[in-house]
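Novice: here is the input, now give the coordinates:
(4 chains)
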Number of protein chains: 4
Amino acid sequence: MYVSVIGGDVKTCKKEDCRIAEEVGKGIASMGAVLVCGGKGGVMEAACRGARSQGGTTIGILPSGSRDEGNDYLTYGIVTNLGAVRNSLVVLNGDVVVAIDGGCGTLSEIALALQYGKRILGIGTWDIEGVEQFHSVEGLLEMLKSV
Amino acid sequence: MYVSVIGGDVKTCKKEDCRIAEEVGKGIASMGAVLVCGGKGGVMEAACRGARSQGGTTIGILPSGSRDEGNDYLTYGIVTNLGAVRNSLVVLNGDVVVAIDGGCGTLSEIALALQYGKRILGIGTWDIEGVEQFHSVEGLLEMLKSV
Amino acid sequence: MYVSVIGGDVKTCKKEDCRIAEEVGKGIASMGAVLVCGGKGGVMEAACRGARSQGGTTIGILPSGSRDEGNDYLTYGIVTNLGAVRNSLVVLNGDVVVAIDGGCGTLSEIALALQYGKRILGIGTWDIEGVEQFHSVEGLLEMLKSV
Amino acid sequence: MYVSVIGGDVKTCKKEDCRIAEEVGKGIASMGAVLVCGGKGGVMEAACRGARSQGGTTIGILPSGSRDEGNDYLTYGIVTNLGAVRNSLVVLNGDVVVAIDGGCGTLSEIALALQYGKRILGIGTWDIEGVEQFHSVEGLLEMLKSV
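Specialist: Numbering: from 1, shown residues only, chains lettered A, B, ... in the order given. Predicted coordinates:
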């Protein structure tokens, strides 16, 4: 199973969001799922750090053509040179999508995931119809295991 | 000037939304601006119909590789074969974006437009921070002229 | 009918190529067809100049997100922010493709056009199986009219 | 290091090409490099089979939105829903590109790789200026190790 984690980058991500993202990343790795994300900082980096700490695999789909912009916790970086268009690839690659916090980029990913008919589990993120909202990491991971 | 009009397709667009879209299309053409949209039905078709009725030019950026899927009021159809990824091209091509009604596709376009730093004027659409909301076509067109 | 004109930019395009491109552009406009190209200099600019001199319409599909990079003879510029990926859009939008001179970018467009099953008429360009080669603009335009 | 392997799919790939691709795949894995390809059959599948037989990692960048179209020897499949546009992603992800046999799709990848300034090592493939041609797998792998 591939799980896409979307959320705020270093500009919008708060400490508590990063803590949540790290726990979510640990949970995804513990399930044996591959974590896919946009490969950059904030929520993406924290989730990758959590996954790697449990021996998990992380794939970052990067906006530019250079792997150097990826965070330090990517197992594999996929470069695209597609800018914001890479957002659609991030959600398309998840069998399910987890949204944590996030700004406009995350909102576009949520909307694209809804267009693709993906299931979206959210925590502290945009309140959009179709996003299943959770108030604890435990509840979210419980649901993720049952998908 | 290029104005992107985004909004619900035939599945979500209600009669009143179409009436609004047609008036917006007329206004855009009257300003001498080029109307850009996703090229399909609903809000897109109504806006194009309005623009063409005033002698305006309409460009539809289509998701598939076939011009046949375009609505009857396109002056030019641009095919992309990019599916939902074409949403980013629709908003990128507007100097300003007008959002009317709309479902997930429109929400992704609003979010991508915000990422690109575009100004968005909305009427009866998603209530997202950064979208300037209007309650009348007149007010919206007034603002559009001053951009 | 839409005709895509592909060929060398200012770096590779020689004077004679530009003269040919301008004649081809004139011919396309005289047929009443829309000329589509990559919107930049060299062959693209010369073809657009020819088409506009006959009152034709030219559409440039640009690699960046800024219309400013388009040449002076575009009726409409479509911005993409897709870099080299825009090459596929240039050929996809032609009912037929005309190739004049050209470097690697043109070669990628020829190859993509072949993948899309497009007919390609060439003059002084890459000698690739599937490209119909012409030795005079007259002969090429004659064939174009019969497509 | 990431090495992109491009070449004919099941329609154009001959038995000898597949044997070469499998040897190249083995060599890439033995170097500890990640093998990137278009994820489908023919040369792509043979190269992946070779890499996996040596415990290597293979990443397939697929044209559709479904992982099911990937060959049986992919460690990870990246879905794109971009059709022929995914070709540019295949070569962009290689620090170096190896071309074996191939039709129009491979030609477009060679041309795009040249545009991106990538080094291309070829064997039994398109004779395009800029492609370093080899007549034995040993010679090609020798060069690959020195990159």
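
Novice: which parts of chain A sit against chain B?
Specialist: A:84-85, A:87-88, A:104-105, A:107-108, A:110-112, A:114-116, A:128, A:130 (Cβ under 8 Å from any Cβ of the partner chain). Where you see a C-beta, it was placed from the backbone N, CA and C, and this is true even at glycine.

Novice: in the residues you listed, which has the lowest confidence score?
Specialist: When these are sorted by pLDDT, the bottom entry is residue A:84 at 88.

Novice: my read is that one is in a helix, agree?
Specialist: Yes - Residue A:84: assigned to a helix according to DSSP: H, G, I helix; E, B strand; the rest coil.

Novice: that one reaches residue B:85, doesn't it?
Specialist: No - contact criterion Cβ atoms under 8 Å: residue A:84 and residue B:85 do not qualify, at 10.0 Å.

Novice: quick one, which of the two is more surrounded?
Specialist: The neighbour comparison of residue A:84 against residue B:85 (other Cβ atoms under 10 Å in any protein chain shown) goes to residue B:85, with 25 against 21.

Novice: what's near enough to touch the more buried one?
Specialist: The neighbours of residue B:85, taking Cβ atoms under 8 Å, 6 or more residues apart in numbering or on different chains as the test, are A:85, A:88, D:81-82.

Novice: can you check residue A:18 too?
Specialist: Applying Cβ under 8 Å, 6+ apart to residue A:18 gives the contacts A:42-43, A:45-46.

Novice: check it and give its pLDDT.
Specialist: 96.

Novice: also residue A:45?
Specialist: Turning to residue A:45, the model gives it a pLDDT of 97.

Novice: check the one 4 residues further on too.
Specialist: Confidence at residue A:49, expressed as pLDDT, is 98.

Novice: in terms of helices and strands, where is it?
Specialist: According to DSSP states H and E, residue A:49 maps onto helix A:43-53.

Novice: ok, and what's touching that helix?
Specialist: Residues contacting helix A:43-53 (Cβ under 8 Å, 6+ apart): A:5-10, A:13, A:17-19, A:21-29, A:35, A:37-38, A:57-58, A:60, A:71-75, A:100-102.

Novice: now the buried members of those.
Specialist: Buried by 16 or more other Cβ atoms under 10 Å in any protein chain shown: A:5-9, A:13, A:17-18, A:21-29, A:35, A:37-38, A:57-58, A:60, A:71, A:73-75, A:100-102, out of those.

Novice: buried stuff in stretch A:50-61?
Specialist: In stretch A:50-61, counting by 16+ other Cβ under 10 Å, buried: A:50-52, A:56-61.

Novice: alpha carbons only: can I get it in CSV?
Specialist: Taking Å, rounded to 0.1, in the frame of the first residue of the first chain, the C-alpha atoms of stretch A:50-61 are listed here in CSV:
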residue,chain,number,x,y,z
GLY,A,50,9.0,9.3,11.5
ALA,A,51,8.7,6.6,8.7
ARG,A,52,12.5,6.2,8.4
SER,A,53,12.9,5.9,12.2
GLN,A,54,10.7,2.7,11.9
GLY,A,55,12.7,1.4,8.9
GLY,A,56,10.0,2.5,6.4
THR,A,57,10.4,3.6,2.8
THR,A,58,9.7,7.2,1.7
ILE,A,59,9.3,8.6,-1.8
GLY,A,60,9.4,12.4,-2.4
ILE,A,61,7.9,13.7,-5.7
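
Novice: got the angle for the longest helix along chain A vs helix A:43-53?
Specialist: Taking DSSP state H as the criterion, chain A has its longest helix at helix A:15-30. Calculated by axes from the mean of the first three to the mean of the last three Cα atoms, to 10 degrees, helix A:15-30 forms an angle of 40 degrees with helix A:43-53.

Novice: packing partners for the helix or strand following helix A:15-30?
Specialist: Using DSSP H and E, the helix or strand that follows helix A:15-30 towards the C-terminus is strand A:34-37. Counting contacts by 3 or more Cβ pairs under 8 Å, 6 or more residues apart in numbering or on different chains; DSSP states H and E, strand A:34-37 is packed against strand A:2-7, helix A:15-30, helix A:43-53, strand A:58-62.

Novice: apply 10 Å and report the result again.
Specialist: Strand A:34-37 is packed against strand A:2-7, helix A:15-30, helix A:43-53, strand A:58-62, strand A:76-79, helix A:86-92, strand A:96-100, strand D:76-79, with contacts defined by 3 or more Cβ pairs under 10 Å, 6 or more residues apart in numbering or on different chains; DSSP states H and E.

Novice: on that earlier part again, narrow the contacts of residue B:85 to those that are buried.
Specialist: A:85, A:88, D:81-82.

Novice: picking that back up, quick one: which of the contacts of residue B:85 is nearest chain C?
Specialist: If you rank the contacts of residue B:85 by distance to chain C using Cβ to the nearest Cβ, residue A:85 comes first, at 6.9 Å.

Novice: show me which residues of chain A are close to chain C?
Specialist: Chain A has residues A:65, A:80-85 near chain C, with proximity defined as Cβ under 10 Å from any Cβ of the partner chain.

Novice: quick one, phi/psi of residue A:146?
Specialist: phi -90, psi -10 (degrees, to the nearest 10).

Novice: that one: neighbour count?
Specialist: With neighbours defined by other Cβ under 10 Å, the count for residue A:146 comes to 6.

Novice: what's the answer for residue A:65, then?
Specialist: 17.

Novice: next, it: secondary structure please.
Specialist: With three-state DSSP as the basis, the three-state label of residue A:65 is coil.

Novice: I'd say it and residue C:83 touch.
Specialist: Yes - contact criterion Cβ atoms under 10 Å: residue A:65 and residue C:83 qualify, at 8.0 Å.

Novice: where do the contact lists of these two overlap?
Specialist: Taking Cβ atoms under 10 Å, 6 or more residues apart in numbering or on different chains as the contact rule, the neighbours common to residue A:65 and residue C:83 are A:80-82, D:88, D:92, D:116.

Novice: quick check: which element contains residue A:121?
Specialist: Per DSSP H and E, residue A:121 falls inside strand A:119-123.

Novice: what does that strand rub up against?
Specialist: By Cβ under 10 Å, 6+ apart, the residues outside strand A:119-123 that reach it are A:3-4, A:6-7, A:17, A:20-21, A:23-24, A:91, A:94-102, A:106, A:109-110, A:113-114, A:126, A:128, A:130-137, A:139-141, A:143-144, A:147.
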